[in-house]
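Novice: Any chance you can model this:
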Amino acid sequence: MCHNSYGQLAKDSAGVYLTKDEFAENKLSYSTPYRLKDKFAGLHSDFGYEARGIILLKQVNKNFLSFEPSKIYGFYSEGKKFLYIPAIKRYLFVLNEEPITILIGEIKLERYSSSRNLLLFYLNKNNELKRMNTENLNSDFNKESNTLQALEDIQKKFKERKRKGRVKMQEFSKYIKERFLLNKNGN
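Specialist: Predicted coordinates:
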């Protein structure tokens with residue numbers, strides 16, 4: 001059983017990926033049976049949809065490794081993969097890696113507001129982070145009608161589930177993979 005206290009055992013191993021290749025091959029550079037933590041502004045937290053501080057990894061020998069933002073390519077914790085996005089200086093939760101990397105994060109709606117909104121993002125062919133919206137999708141995928149349709153379906157399904165308050169990340173990630181599989185098979 002997993003507890004919210006730092007240093008407790010994780011449900012499965014956790015760890016960090018130092019390189020893009022390790023991330024793609026899902027080979028952790030450093031792993032631990034303990035939960036990772038995000039240390040930001042003096043606070044320690046678990047991961048919801050993003051991280052932006054120092055990633056703390058408790059080793060089996062009880063020593064700690066700390067990784068400054070951008071010093072690792074990504075990390076894995078509690079069944080979730082996170083990827084560092086240099087443009088926003090944060091790690092975002094990865095919902096899908098292939099054929100298009102789709103990520104999710106909580107972003108402040110207004111500069112001085114504390115309200116946050118859960119949003120979908122993707123990496124385009126130039127590896128630029130883009131908010132998943134109709135304008136960006138049409139701009140990046142207008143010549144790939146099947147891919148564009150798949151991404152529009154994903155965006156629509158996300159909005160529906162979010163409106164109903166039922167965005168279960170594992171199920172939604174599975175939906176994305178199935179939708180791209182349909183696209184690959186020509187449907």
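Novice: Show the average pLDDT along stretch 78-91.
Specialist: For stretch 78-91, the per-residue pLDDT values average out at 92.
Novice: Name the residues that touch that stretch?
Specialist: Here stretch 78-91 makes contact (CB atoms under 8 Å, 6 or more residues apart in numbering) with 2, 10-12, 14, 23, 26, 35, 46-47, 50-52, 55, 69-70, 72-76, 92-94, 97, 101, 103, 105, 128-129, 169-170. Bear in mind the C-beta positions are built from the backbone N, C-alpha and C, glycine included.
Novice: Of all the residues in it, which ones are buried?
Specialist: Neighbour-count burial for stretch 78-91, counted by 16 or more other CB atoms under 10 Å, picks out K80, K81, F82, L83, Y84, I85, R90, Y91.
Novice: End to end on that stretch, go ahead and measure it.
Specialist: The first residue of stretch 78-91 is 15 Å away from its last residue (CA to CA, to the nearest Å).
Novice: for stretch 64-84, same thing?
Specialist: Across its full length, stretch 64-84 reaches 21 Å between end residues, using CA to CA.
Novice: Ok, stretch 77-96 next?
Specialist: From start residue to end residue, stretch 77-96 stretches across 16 Å - CA to CA.
Novice: got it, and stretch 62-79?
Specialist: Distance across stretch 62-79, first residue to last, is 22 Å (CA to CA).
Novice: And for stretch 164-174?
Specialist: 18 Å.
Novice: which residues sit against it?
Specialist: So stretch 164-174 is contacted by G79, K80, F93, L95, N96, I104, L118, K157, F158, R161 (CB under 8 Å, 6+ apart).
Novice: Enumerate every residue touching the last one.
Specialist: Spelled out, that is R161. Each residue near R161 by CB under 8 Å, 6+ apart is listed here: V167, K168, F172.
Novice: Mind checking which of the contacts of stretch 78-91 land in strands?
Specialist: Under the assignment DSSP state E, the contacts of stretch 78-91 contribute 10-12, 14, 50-51, 55, 74-76, 92-94, 103, 105, 129 to strands.
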